[in-house]
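Q: Attaching a predicted model along with its sequence, questions to come.
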Amino acid sequence: MNLPNKLTLLRIAMIPLIVAIYYSPLRNLEGYSVLNSTISLVDILVLVIFALASFTDYLDGMIARRDNLITTFGKFADPIADKLLVNTLLLLLAGEQTIPIIVPIIMISRDMIVDAIRLVSSSNNRVIAASYWGKLKTVTQMVAIIMLLLRNIPFSLLGVRVDLVMIMVATAVSLISGIDYFVKNRDIILESI
């Protein structure tokens with residue numbers, strides 16, 4: 001197994017660790033007051049693990065392209081790892097009512113629709129490459145999650161909820177990305193109607 005695939009598997013392995021820490025007894029410890037916001041030890045630990053996992057996403061792709069280590073397993077596992085990581089965090093944040101539940105519903109629905117489009121396309125021997133909107137969706141989701149885990153620090157000092165604005169931007173980009181995939185591949189989707 002090559003290094004990019006090992007990094008992808010490491011990213012997947014970090015997900016249960018994030019969930020375990022999120023629901024650990026550490027959650028009951030008093031948070032730290034920073035710039036008009038309160039951040040807990042759990043938020044900090046989950047943030048560090050999520051940031052490392054997000055970095056492995058960048059790193060495995062960069063290494064795979066640079067060293068020509070692109071594999072079928074990597075093409076399969078990398079997007080799954082990304083979606084599992086991001087959607088797990090979105091569900092955890094929605095569960096504690098940091099974000100509205102509609103956010104993960106929209107993003108998970110989009111992912112399912114795009115995966116279905118890719119499945120239909122592959123059965124027609126057509127490969128759908130990741131689009132600009134799809135890549136932007138992933139980046140905006142990861143940035144938004146980091147800002148949410150930071151509990152809006154440093155923007156809390158200004159009284160502006162940049163973290164919530166960013167998650168709404170990520171949701172909008174997710175919708176646009178889903179629509180873009182559908183429009184670009186509507187000929188395959190609608191051919192049997």
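A: All right, it came through fine.
Q: Packing partners of the lengthiest helix in the chain?
A: The longest helix of the chain (DSSP state H) is helix 41-66. Using 3 or more C-beta pairs under 8 Å, 6 or more residues apart in numbering; DSSP states H and E as the contact test, the elements touching helix 41-66 are helix 3-22, helix 72-95, helix 132-149. (Each C-beta comes from the backbone N, C-alpha and C, glycine too.)
Q: what packs against the last one?
A: Right, the one you point to is helix 132-149. Looks like helix 132-149 contacts helix 41-66, helix 72-95, helix 102-123, helix 162-184 (3+ C-beta pairs under 8 Å, 6+ apart).
Q: And for residue 83, the neighbour number?
A: By other C-beta atoms under 10 Å, 18 other residues sit near residue 83.
Q: neighbours of the nearest residue to it once chain neighbours are set aside, just the number please.
A: Nearest non-adjacent residue to residue 83, counting by C-beta to C-beta, 6 or more residues apart in numbering: residue 111, 5.2 Å away. Per other C-beta under 10 Å, the neighbour tally for residue 111 reads 21.
Q: same question, residue 29
A: 11.
Q: Hmm, residue 40 and it touching each other?
A: Yes: judged on C-beta atoms under 8 Å, residue 29 makes contact with residue 40 at a distance of 6.6 Å.
Q: contacting residues around the spatially most central residue of the chain?
A: Nearest to the geometric centre of the chain sits residue 86, at 2.8 Å (C-alpha atoms, centre = their mean). Shown in contact with residue 86 (C-beta atoms under 8 Å, 6 or more residues apart in numbering): 107, 138, 141-142, 145.
Q: ditto for residue 27
A: 40, 42.
Q: outside of the helix or strand of the chain with the lowest mean pLDDT, which residues touch it?
A: Every helix and strand in the chain was compared by mean pLDDT, DSSP states H and E; the lowest is helix 186-189, with a mean of 81. Contacts to helix 186-189, defined as C-beta under 8 Å, 6+ apart, come from residues 117, 120-121, 124, 126, 182.
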